[in-house]
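*Asks:* pasting a predicted model and its sequence here:
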Amino acid sequence: MPKIVNDEAVFRAVIQVILAQGYDRATTKQMAKAAGVSEMTLYRKYGSKAALVSNAIQFIAQEMDFESVVHYSGDVYADFLGVVTRYKTLTERYGQFMAVLIPELQRHPELQASMARPLQIMQSIGELIQRYQQEGILRAEHPLHAVAALLGPLVFFAMARNSSFLAQIPPVDLEAHVHGFLEGRRIQGD
């Protein structure tokens, strides 16, 4: 009887191996060992190393379920607070993995397709911002620039997390961050 493979355990093992080795040095043998399965099992079920990493990224996207929080309610503050709260959770759980993987995309075109869903999520956040711009609530700017301003500080905290620099940084206050983001972008009435 074939062994039942726990996808989540495999994807978490892939993430850990990539964190420890980087994409180039990581091997499917290391991933299999970390997941407690044979390398042949990984090949049969998932295919290549790139496919394993792609599946791990899709696992993260599924777990984080950004689609459930990126929606228009008419309350700009609540909408953006929901987005940054979920993004903070993402950076806490997987920020280091993404920081290791994103630079590899340029050198490994086989990984680029795996970023389609995360990029679509960024696009959806941009569309949410654009809707508030069109309603005259937020000033006009490229929506993806606004996404970078909204999420960028959280990326900074994720990058600083494993450094001695983190001790000097106060914890991020998401409510204050969203208020500050909106304050700098609201269209002021006469």
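*Replies:* On my side now, so go ahead.
*Asks:* any regions of this protein where pLDDT drops low?
*Replies:* Applying pLDDT under 70 to the chain flags the ranges 1-3, 162, 166, 189-190.
*Asks:* what residues are up against the closest residue to Pro118 other than its chain neighbours?
*Replies:* Leaving out its chain neighbours, the residue that sits closest to Pro118 by CB to CB, 6 or more residues apart in numbering is Ala61, at 6.2 Å. Every residue, glycine included, has its C-beta placed from N, CA and C. With contact taken as CB atoms under 8 Å, 6 or more residues apart in numbering, Ala61 is in contact with Arg117, Pro118, Ile121.
*Asks:* next, count neighbours for the first one.
*Replies:* I take that to be Arg117. Look at Arg117: counted by other CB atoms under 10 Å, it has 16 neighbours.
*Asks:* which SS class is it?
*Replies:* helix (DSSP: H, G, I helix; E, B strand; the rest coil).
*Asks:* list the contacts of it.
*Replies:* Contact analysis of Arg117 by CB under 8 Å, 6+ apart lists Ile57, Gln58, Ala61.
*Asks:* how far away is it from Phe59?
*Replies:* Distance of Arg117 to Phe59, computed by CB to CB, to the nearest Å: 11 Å.
*Asks:* same check on Ser124?
*Replies:* Applying CB to CB, the value for Ser124 to Phe59 is 19 Å.
*Asks:* would you mind splitting the chain into its domains for me?
*Replies:* Partitioning the chain according to automatic domain parsing yields domains covering residues 1-64, 65-190.
*Asks:* among the ones you listed, which is the most enclosed?
*Replies:* A comparison of the domains of the chain by mean neighbour count, using mean count of other CB atoms under 10 Å, puts domain 1-64 on top with a mean of 17.
*Asks:* would JSON lines of the contacts of Ala61 with distance to Tyr87 be doable?
*Replies:* Formatted as JSON lines, the contacts of Ala61 follow (distance: CB to CB, whole Å):
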{"residue": "Arg117", "distance to Tyr87": "15"}
{"residue": "Pro118", "distance to Tyr87": "11"}
{"residue": "Ile121", "distance to Tyr87": "9"}
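*Asks:* ok, those residues vs Lys45, which is closest?
*Replies:* Among the contacts of Ala61, Arg117 lies closest to Lys45 (CB to CB), at 20.4 Å.
*Asks:* distance check, the closest one against Ile187.
*Replies:* From Arg117 over to Ile187 the distance is 32 Å, taken as CB to CB.
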